[in-house]
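A.B. asks: sequence unknown, structure follows:
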Ligand code: ZN
């Protein structure tokens, strides 16, 4: 069977430069559908069973996060359920990976994908619980639903917690995280979930950017907008996904907010806060400390030594979700980042950071949320 590469499926993205020789497969990483960011790839190679292959990503140095290729290994899977890492190297110009597939068909991706089909299945499953309600907040540029999963009952004495994921659609670990949290909150035998729902109501948007997810984009929607720069003045022409979520937040209020992401460069799990806001007080700092201390204890994949430098955004940028929410609602508001690579503190080279670890972290964040809310 001759070699072939395809990417005409959910989140598929690659450009084939040359397939003439298995030991010199040349690939180019494609730009987002409507913007010039490029980093995400997802494709299927066939006809290479038992054949030593060399994959060359010839434009790696022209990608958006070049430091993302250092100490990075490619995610791969035969059955699209179990993902492992294929060792890769970056020489400053190209990224190269060597692989001899054991089967006829193998998928490669920048990170373990989370498909739109899986999203719809998650929403469908969640609504079967009497604890959950599904609301269609609106539609994306291309008409995909913006789904809100609300868990718990809304009442005056219950603190509204908002968590959103995948503003940057290529950061699929963010939706794995949401799946872990949703499943825990709906688990009838989980005492912490029961206790949490006595005083909180959760509003969860597992996928803020369905169009970008399906297109295989790294950072933007079908209008080329980076949604995490749209929070100050979203528009229905360019960023309806943000506009409808923001409207819903203004209706319910927000007591704690998490915006879940993946970071291309840093091999750690960390949070980024709102200490640059004029409204940030010692009480905010105490809530943040309670949150981070509890998350470290609940899941040692999370750490507080490494992250963005505290003065990275000394200028207040209210176009970012966590800054806008922190400013508007005066609440604990954090961006949570997971790695595309591995967690350098607790490495697992066979899989790197992956869907299961993201899901586990999403379940464990419940303890940290309760700790953050417990500080007046
Ligand atoms: Zn992001």
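C.D. replies: Yes, it's here. Please read these numbers as outputs of a predicted model, since none were measured by experiment.

A.B. asks: residues from the protein in reach of the ion?
C.D. replies: Taking Cβ under 5 Å from the ion as the measure of proximity, the chain contacts the ion at 168, 171, 261. Where C-beta positions appear, they are placed from N, C-alpha and C, glycine not excepted.

A.B. asks: go again with 8 Å.
C.D. replies: Applying Cβ under 8 Å from the ion, we find that the chain lies next to the ion at 167, 168, 171, 174, 219, 228, 261, 262, 263, 335, 337.

A.B. asks: and what about the first one, helix, strand or coil?
C.D. replies: This points to residue 167. Here residue 167 is coil, with the state taken from DSSP: H, G, I helix; E, B strand; the rest coil.

A.B. asks: that one reaches residue 319, doesn't it?
C.D. replies: No. With contact defined as Cβ atoms under 8 Å, residue 167 does not count as touching residue 319 (11.7 Å).

A.B. asks: follow-up on the earlier one: okay, and which of the residues of the chain next to the ion map to helices?
C.D. replies: Per DSSP state H, helices hold the following members of the residues of the chain next to the ion: residue 174.

A.B. asks: need the residues of the chain next to the ion in TSV with distance to residue 20, can you?
C.D. replies: Below are these laid out as TSV (distance: Cβ to Cβ, whole Å):
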residue	distance to residue 20
167	39
168	35
171	34
174	38
219	32
228	41
261	39
262	34
263	36
335	44
337	40
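
A.B. asks: show me which of the residues of the chain next to the ion is closest to residue 197.
C.D. replies: residue 174 (22.8 Å; Cβ to Cβ).

A.B. asks: what count of nearby residues applies to that closest one?
C.D. replies: Residue 174 sits with 29 neighbouring residues when counted by other Cβ atoms under 10 Å.

A.B. asks: which residues of the stretch 101-250 of the chain fall in helices?
C.D. replies: Using DSSP state H, counting those that start in this stretch, the helices assigned to the stretch 101-250 of the chain run over residues 116-126, 173-185, 191-199, 210-215, 240-252.

A.B. asks: redo those as CSV? Include mean pLDDT.
C.D. replies: Below are those laid out as CSV (pLDDT from 0 to 100):
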stretch, mean pLDDT
helix 116-126, 98
helix 173-185, 98
helix 191-199, 97
helix 210-215, 98
helix 240-252, 98
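
A.B. asks: among the ones you listed, which comes closest to residue 341?
C.D. replies: Using Cβ to Cβ, the helices of the stretch 101-250 of the chain put helix 173-185 closest to residue 341, at 11.1 Å.

A.B. asks: give me every residue that touches the closest residue in space to residue 108 that isn't next to it in sequence.
C.D. replies: Nearest non-adjacent residue to residue 108, counting by Cβ to Cβ, 6 or more residues apart in numbering: residue 76, 5.1 Å away. By Cβ atoms under 8 Å, 6 or more residues apart in numbering, the contact set of residue 76 is 83, 84, 85, 86, 99, 106, 107, 108, 109.

A.B. asks: tell me the bridge partners for the fourth one.
C.D. replies: Here residue 86 shows beta-bridge partners residue 74, assigned using DSSP bridges.

A.B. asks: all the strands of the stretch 251-376 of the chain, residue numbers only.
C.D. replies: 256-263, 270-272, 332-339 (DSSP state E, counting those that start in this stretch).

A.B. asks: does the residue nearest to residue 108 sit in a helix or strand, and which one?
C.D. replies: strand 74-77 (DSSP states H and E).

A.B. asks: return the set of buried residues in that strand.
C.D. replies: 74, 75, 76, 77 (16 or more other Cβ atoms under 10 Å).

A.B. asks: got it, and stretch 141-159?
C.D. replies: For stretch 141-159, the neighbour count (16+ other Cβ under 10 Å) marks 141, 144, 145, 146, 147, 148, 149, 150, 151, 152, 158, 159 as buried.

A.B. asks: over to stretch 367-376?
C.D. replies: Within stretch 367-376, the residues that count as buried by 16+ other Cβ under 10 Å are 367, 368, 369, 370, 371, 372, 373.

A.B. asks: between residue 167 and residue 319, which contacts overlap?
C.D. replies: Joint contacts of residue 167 and residue 319 (Cβ under 8 Å, 6+ apart) are residue 228.

A.B. asks: please say which of these two ends up with more neighbours.
C.D. replies: More neighbours surround residue 167 than the other of residue 167 and residue 319, with 32 against 16 (other Cβ under 10 Å).

A.B. asks: let me see the contact set for the nearest residue in space to the more buried one that is not next to it in sequence.
C.D. replies: Nearest non-adjacent residue to residue 167, counting by Cβ to Cβ, 6+ apart: residue 227, 4.2 Å away. Going by Cβ under 8 Å, 6+ apart, residue 227 touches 167, 168, 208, 209, 220, 221, 239, 241, 242, 321.

A.B. asks: having no further points to raise, I will conclude here.
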